[in-house]
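# Provide a 3D model corresponding to the input given below.
(2 chains, ligands or ions: 2)
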Amino acid sequence: MKKLLRLPVNRYVDYGLFLVLALFPLSGSLFYTQLIEKYLVFLIFAYSLDILWGYAGLMNLGHAVLFGLGGYVMALSLSARGGIPDFMANGGVTQMPGWLQVLSNPAAAVLAGILLPALLAGLLGRFLFYSRVGGVFFAVITLALAQVFNLFIQSQQTYTGGFNGIGGLPGLSLFGNELTLTQGYYFVFCVVVLAYVFCRCLMGSRFGLVLRGIRENETRLEFLGCDQARFKTAVFAVSGALAGLAGVLYAPVNGMIAPNDVGMEFSTAVIVWLAIGGRGNLTGAAVGAMLVNVLGNALSENFGVFWQLLLGAVIVAVVFFVPDGIVGALIRAARGRKAGKAVESRG
Amino acid sequence: MGDILVTEHLSVCFSGFWALHDVDFSVGEGELRVVIGPNGAGKTTLMDLITGRTKPSSGKIWFGGHDITGKSPHEIAAKYGIGRKFQGPNLFENMTAAENLELAAAGRGTVAGTFLRSAPKSAAEEADGVLRRIGLTGKRGLLACELSHGERQWLEIGMLMMQDPKLMILDEPTAGMTEEETRQTGEMIQNLLKGRTILVVEHDMKFVRQVAKTVTVLHMGRILAQGPLAAIENNPEVIRVYLKSEDKEAPKHAGP
Ligand SMILES: Nc1ncnc2c1ncn2[C@@H]1O[C@H](COP(=O)(O)OP(=O)(O)OP(=O)(O)O)[C@@H](O)[C@H]1O
Ligand SMILES: [Mg+2]
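Ligands and ions are numbered 1, 2, ... in the order given. Take a look at the predicted model:
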């Protein structure tokens, strides 16, 4: 109990949010349960960017590439369960390619959907960070990469469904049994909690400490004997794996995947979630992702076409008035009060 | 006693300006050497070269018998054991004092080695010990940016203690300190000497008199004089270019 009371303020927010999310299906609305299930997947995606950008200070403007890679791998796998998918047949493919046969195994697809993005990120990191590309240059290169990846997906109509993407995907299933909506929701919820615990442990370790050190003062760290490129590459790969995992879940949960989900637009979206919620504490990523999506949905229902304008105004206001995000401001406020108390008790 | 650090004909040129010119500099193992010299003499540049921040235009740097010329800063720090406090504050500002210390010892090894929950117990105890030695036990939870100027300087020295290098380089460790803080720092540095070599760049002559035995004077990128403190203080050339102005203005500047 004492331990619980000594927690940093944002941990209460984490647990509170998880409690609400755990109870949500009890509301009985299938429509909203399905919607929130999708947002749960976004939570994992948001965490994956937070360990990269929030903790290590590496702003990836093409983060959706990693998400999309996982998503497309899973979508291909799901669409190939009943033989050659339509979009491939339309493209003139008459025999199932070998790699797709491998992918049609669900376990192989999950593995590939997580490992391929990790590998891509790791390779990119190996090239960029070891040649000391960082800061703005890293952001710009990742942005270009997002654009290239998006074009690539669109141009490979035969294998990716092109502009239309891959649709009509079956929902989540576990060991061959298709899950009901509620079961699926709780399955995704469990994965979110696991991802959260994983990130908490990793960021609470000395690895996380070094990442924050890189963000704070990279030069100083180097003169303390730290090979920062190695740590950056490692966190980029881990972040890629998590983003890939989110993509892997997204394909069955959303029922389809399209180039929009892998390009600049979605990459920007996750940046906005973190900017709104706050970075480098995991809480902000979750709060931002939930808030922006729920708000976006509510606004679009009530204000028709103006919703994006309104959401934009809210975003600009938050970024302008609370630059370290909602949760960042909350932590600062709590810290200020605590420091104040300490001074009082001393004086 | 052998020399642990040797530079041979070390020169560096910044777009036509020779910040260091043909410097043959050496420090004995276990020695505490003080480097003085007027502003712009090239003191910090010399430290930059030794720690790999700047690559020399020509010449060689030997440390413990190894050629470390042109090696990367993290290799020089981790593999060869040279630690450095920069001129002017250089901390992890938004991290606590304790975290700053932990970090000083955390990043050296492999990535996988840092995945473990926390530092080995001995390292945590070490951090506690260091906090005590630099007098910051009560402020371990404060952010570096919340500490006073003197405390921040001490935190930097504490980080070097955690890093535990063979050669410790301190660039103006007492800049901006009160007289009493300066004296305490002098004691701290003398205590640190056990089992290692220390190189201090300093302007404060009172501090230099407190800690120094051998002094090297740099002037316009060259070694002007070197020898026991007493001889240096009576060297007419040193008095002319440095000591006179130094004593008159008694500057306690915190340079860039
Ligand atoms: N990276 C650089 N590029 C260009 N010029 C430099 C660079 N670093 C140092 N210099 C120049 O080299 C000269 C020596 O500078 P240095 O910082 O080594 O002096 P210093 O002896 O440490 O002086 P101070 O007592 O003011 O710290 C100065 O004229 C400085 O402007
Ligand atoms: Mg200097």
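# all contacts plus neighbour counts: C-alpha atoms, from now on.
Fine.
# before we move on, what SS does residue B:12 have?
When the structure is reduced to helix, strand and coil (DSSP: H, G, I helix; E, B strand; the rest coil), residue B:12 reads as strand.
# Surely it and residue B:21 touch.
Yes: Residue B:12 is within contact range of residue B:21, at 6.7 Å (criterion: CA atoms under 8 Å).
# The two: who's more crowded?
For residue B:12 and residue B:21, the more surrounded residue by other CA atoms under 10 Å in any protein chain shown is residue B:12, and the numbers stand at 24 against 20.
# and that one, what does it touch?
For residue B:12, the contacting residues are B:18-21, B:55-58, by CA atoms under 8 Å, 6 or more residues apart in numbering or on different chains.
# Which of these are buried, as a PyMOL select command?
Buried members of the contacts of residue B:12, identified by 16 or more other CA atoms under 10 Å in any protein chain shown, are gathered into one PyMOL selection as follows:
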select buried, chain B and resi 18+19+20+21+55+56
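# What about ligand 1: which of the contacts of residue B:12 touch it?
residue B:19 (CA under 6 Å from any ligand atom).
# Tell me the one among the contacts of residue B:12 nearest to residue A:250.
Compare each of those with residue A:250 using CA to CA and the shortest gap goes to residue B:55, at 49.6 Å.
# where's residue B:182 relative to chain A, distance?
Distance of residue B:182 to chain A, computed by CA to the nearest CA, to the nearest Å: 24 Å.
# Surely that residue is in contact with residue B:172?
No: applying CA under 8 Å as the test, residue B:182 and residue B:172 come out as separate, 10.7 Å apart.
# Of those two, give the one with the bigger neighbour count.
Comparing residue B:182 with residue B:172 by neighbour count (other CA under 10 Å), the higher total belongs to residue B:172, at 24 against 20.
# what about the more buried one, distance to residue B:26?
Separation of residue B:172 from residue B:26 (CA to CA, to the nearest Å) stands at 20 Å.
# repeat for residue A:123
Distance, residue A:123 to residue B:26, by CA to CA: 43 Å.
# Settle it for me: which of those two has more neighbours?
When neighbours are counted by other CA under 10 Å, residue B:26 comes out ahead of the other of residue A:123 and residue B:26, with 18 against 15.
# leaving aside the residues next to it on the chain, what's closest to the more buried one?
residue B:6 (4.3 Å; CA to CA, 6 or more residues apart in numbering or on different chains).
# The one you found touches residue B:46, doesn't it?
No: contact criterion CA under 8 Å: residue B:6 and residue B:46 do not qualify, at 11.8 Å.
# Surely residue B:217 is in a strand?
Yes: under three-state DSSP, residue B:217 sits within a strand.
# if I pick it, what's in contact with it?
B:35-37, B:223-226, B:238.
# ok, which stretches of the stretch 51-200 of chain B are helices?
In the stretch 51-200 of chain B, helices defined by DSSP state H, counting those that start in this stretch lie at B:73-75, B:97-106, B:121-133, B:149-163, B:179-192, listed in chain order.
# Tabulate the ones you listed (TSV), appending distance to residue A:198 and mean pLDDT.
Listed next are the helices of the stretch 51-200 of chain B as TSV, based on distance: least, CA to CA, whole Å; pLDDT from 0 to 100:
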stretch	distance to residue A:198	mean pLDDT
helix B:73-75	29	94
helix B:97-106	20	90
helix B:121-133	23	82
helix B:149-163	29	92
helix B:179-192	40	91
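# Redo those as CSV? Include distance to residue B:67.
As requested, these are exported to CSV (distance: least, CA to CA, whole Å):
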stretch, distance to residue B:67
helix B:73-75, 12
helix B:97-106, 25
helix B:121-133, 31
helix B:149-163, 22
helix B:179-192, 26
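# what's the closest of those helices to residue A:181?
Ranking these by distance to residue A:181, with CA to CA as the measure, places helix B:97-106 first at 44.9 Å.
# so how far is chain A from residue B:46?
According to CA to the nearest CA, residue B:46 and chain A sit 15 Å apart.
# That residue: which element?
helix B:43-50 (DSSP states H and E).
# Give me the distance from that helix to the chain's centre.
Averaging C-alpha positions (CA atoms, centre = their mean, to the nearest Å) puts helix B:43-50 10 Å from its chain's average.
# Could you pull up the residues touching the residue in the stretch 151-256 of chain B positioned nearest to chain A?
With CA to the nearest CA, the shortest gap between the stretch 151-256 of chain B and chain A falls at residue B:163, namely 6.7 Å. Neighbouring residues of residue B:163 by CA under 8 Å, 6+ apart: A:224, B:83, B:104-105.
# Quick check: the two most widely separated of those?
Largest pairwise distance in the contacts of residue B:163, by CA to CA, is 11.3 Å, between B:83 and B:105.
# contacts for stretch A:181-197?
With CA under 8 Å, 6+ apart as the contact definition, stretch A:181-197 has outside contacts at A:21-22, A:25, A:30, A:33-34, A:37, A:40-41, A:43-44, A:47, A:172-173, A:242, A:249, A:282.
# still on that earlier bit, list the ones among the contacts of residue B:217 that fall in strands.
In this view, the contacts of residue B:217 that belong to strands under DSSP state E are B:35-36, B:223-226.
# ok, which of those also contact ligand 1?
When CA under 6 Å from any ligand atom is applied, no member of the ones in strands among the contacts of residue B:217 is adjacent to ligand 1.
# Separate out the buried members of the residues you listed.
Buried among these (16+ other CA under 10 Å): B:35-36, B:223, B:226.
# tell me what the helix or strand harbouring residue A:89 is packed against?
When secondary structure is defined using DSSP H and E, the element that contains residue A:89 is helix A:86-90. Under the contact definition 3 or more CA pairs under 8 Å, 6 or more residues apart in numbering or on different chains; DSSP states H and E, helix A:86-90 sits against helix A:157-160.
# Name the surrounding residues that touch the helix it packs on.
Residues outside helix A:157-160 that contact it (CA under 8 Å, 6+ apart) are A:72, A:76, A:87-93, A:153-154, A:163, A:166.
# How about the secondary structure of residue A:82?
Secondary structure assignment for residue A:82 (three-state DSSP): coil.
# Residue B:38 - how many residues pack around it?
Number of residues near residue B:38 (other CA under 10 Å) recorded here: 18.
# Spit out the contact partners of the residue most central in space within chain B.
Within chain B, one residue has its C-alpha closest to the average C-alpha position: by CA atoms, centre = their mean, that is residue B:170, at 1.6 Å. Residues in contact with residue B:170, defined by CA under 8 Å, 6+ apart, are B:84-87, B:198-201.
# how about the nearest residue to residue A:242, chain neighbours excluded?
Setting aside the residues directly before and after it, residue A:242 is nearest to residue A:48 in space (CA to CA, 6+ apart), at 5.4 Å.
# Would you mind naming what in chain B lies close to ligand 1?
Applying the criterion CA under 6 Å from any ligand atom, the portion of chain B that neighbours ligand 1 consists of B:14, B:19, B:38-45, B:255.
# Who wins on neighbours among these?
Top of the residues of chain B next to ligand 1 by neighbour number is residue B:43, holding 25 neighbours under the definition other CA under 10 Å.
# Verify the contact between it and residue B:25 for me.
No: using CA under 8 Å, residue B:43 makes no contact with residue B:25, being 11.7 Å away.
# re the thing from before, so how far is the helix holding residue A:89 from its chain's centroid?
30 Å.
# I'd like the mean pLDDT over that helix, please.
Predicted confidence along helix A:86-90 averages 82 (mean pLDDT).
# residues of that helix that come out buried?
Taking 16+ other CA under 10 Å as the basis for neighbour counts, the residues of helix A:86-90 that come out buried are A:87-88.
# All set, thanks.
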